[in-house]
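Undergrad: predicted model and sequence follow; I will ask about them next.
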Amino acid sequence: MAKRKGKGPTPKAEDRHWHGKRQKARAVKNAKRTGTQTMGPGARAARAAEGRPAATGRPAGARRANGEVPELVTGRNPVVEALRAGVPGSTLYVSSGTDERVRESIQLAADRGIPLLETGKNELDRLTDGAVHQGIALQVRPYRYAHPDDLLTGTAPLIVAVDGITDPRNLGAIVRSAAAFGATGVVVPERRAAGVNAGAWKSSAGTLATIPVAQATNLARQLKAYQKAGCFVAGLDARGGVTVADMEIAAGPFVLVVGSEGKGLGRLVADTCDMLVTIPMPGKAESLNAGVAAGIALYEVSRLRS
């Protein structure tokens, strides 16, 4: 450790008086930007002292990847928008009810049978671990993922697999298209990918309540399992040699794989696919948003299957 002349050793960053405040300010900024906050260490410790399950810990028999972590949506606009979108809340925490958005949130929660818990500002600060909550927070019920094999329903299942999608809003849009065009389910990677949270619920416009989403530990391996079960797997990719309108094989058991807007499909996933298909774009755009691309491709699949 270096020494400053006449002043002793140079302290580490974490030992300086400003370090904690700077870290907290960054957390608050991120929470304000996203409108969501996972319960932090302070809330977990308090819950443990009260004998309640830890908010971001792993309850017995549960795994983080399987949606066992309760999420808090904080702020007047994010909360009321989440409730309008049908996000499944388990508790609405309110410390102030004078704002019109707060009153609407209370009414929406009451209409849906979501318990209302009046709490003081200090208690809400503790529950949100310092996030900017504006006197209100909605705890979102953990999502229960299906098993990938559960999506193989009927004689000709239609499954949508997503690869490299990290934005929950894109995932929600893909789920919405999957529900609209008769898919039996959506499968997502367990790691390094968007999961079902409040953002996904909002962009799905409530369709997450009507179609199952499964998690795969290894997406390429799961696609091979679907192939063994009799499914044809097509990856949506700009390099594809067949257009989505010509996927005649989609009339039977079929899996459509959608990649991210920037990187597309991962190499292993692309190599696993039986075919790579593309959406012709005569315009000047180089690519489409993943949710838009999935909607176009699923429309063509639906047409071919009708």
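TA: Happy to help now that I have it.
Undergrad: check which helix or strand covers residue 269.
TA: Using DSSP states H and E, residue 269 maps to helix 267-272.
Undergrad: chain center to the next helix or strand after that helix, what's the gap?
TA: Counting by DSSP H and E, the next helix or strand C-terminal to helix 267-272 is strand 275-278. Relative to the centre of its chain, strand 275-278 is centred 26 Å away, using CA atoms, centre = their mean, to the nearest Å.
Undergrad: of all the residues in strand 275-278, which ones are buried?
TA: 276-278 (16 or more other CB atoms under 10 Å). Placement of C-beta: from N, CA and C, glycine included.
Undergrad: which helices and strands does the helix holding residue 269 pack with?
TA: The helices and strands touching helix 267-272, judged by 3 or more CB pairs under 8 Å, 6 or more residues apart in numbering; DSSP states H and E, are helix 219-228, strand 232-236.
Undergrad: tell me the mean pLDDT over it?
TA: In this model, helix 267-272 has a mean pLDDT of 94.
Undergrad: repeat that for stretch 248-259.
TA: 92.
Undergrad: distance between the ends of that stretch?
TA: 21 Å (CA to CA, to the nearest Å).
Undergrad: now do stretch 246-254
TA: Per CA to CA, the first residue of stretch 246-254 is 14 Å away from its last.
Undergrad: need the nearest residue in space to residue 148, chain neighbours excluded.
TA: In this structure, residue 148 finds its nearest non-sequential neighbour in residue 214, 4.4 Å apart by CB to CB, 6 or more residues apart in numbering.
Undergrad: how deep is that neighbour tucked in, by neighbour count?
TA: By other CB atoms under 10 Å, 19 other residues sit near residue 214.
Undergrad: hey, what's it bridged with?
TA: Bridge pairing for residue 214 (DSSP bridges) gives the partners residue 146, residue 187.
Undergrad: now for it: which residues touch it?
TA: Residues in contact with residue 214 (CB atoms under 8 Å, 6 or more residues apart in numbering) are 145-148, 150-151, 185-188.
Undergrad: now with 10 Å, please.
TA: 145-151, 159, 161, 185-188, 190, 222 (CB atoms under 10 Å, 6 or more residues apart in numbering).
Undergrad: which residue in the residues you listed has the weakest pLDDT?
TA: residue 190 (90).
Undergrad: could you find the closest non-adjacent residue to residue 287?
TA: According to CB to CB, 6+ apart, the nearest residue to residue 287 is residue 261 (5.6 Å).
Undergrad: would you mind measuring from that neighbour to residue 294?
TA: Residue 261 is 11 Å from residue 294, where distance means CB to CB, to the nearest Å.
Undergrad: so between these two, which is more surrounded?
TA: Just comparing residue 261 and residue 294: by other CB under 10 Å the higher neighbour count belongs to residue 294, 28 against 18.
Undergrad: so for stretch 73-91, mean pLDDT?
TA: The model assigns stretch 73-91 a mean pLDDT of 89.
Undergrad: helix, strand or coil: sort out residue 155 for me.
TA: coil (DSSP: H, G, I helix; E, B strand; the rest coil).
Undergrad: any idea how many residues pack against it?
TA: The local packing of residue 155 (other CB under 10 Å) involves 7 other residues.
Undergrad: is it true that it touches residue 254?
TA: No - contact status for residue 155 versus residue 254: not in contact, 11.8 Å apart, counting by CB atoms under 10 Å.
Undergrad: help me confirm that residue 287 is found in a strand?
TA: No - counting by three-state DSSP, residue 287 falls outside a strand, being coil.
Undergrad: tell me the contacts of it?
TA: Applying CB under 10 Å, 6+ apart, the residues contacting residue 287 are 238, 260-262, 264, 279, 281, 293.
Undergrad: closest to residue 245 out of those residues?
TA: Nearest to residue 245, judged by CB to CB, of the contacts of residue 287 is residue 279 at 9.0 Å.
Undergrad: and the pLDDT at the closest one?
TA: 89.
Undergrad: next one: phi and psi at it?
TA: phi -110, psi 120 (degrees, to the nearest 10).
Undergrad: please consider this matter closed, and thank you.
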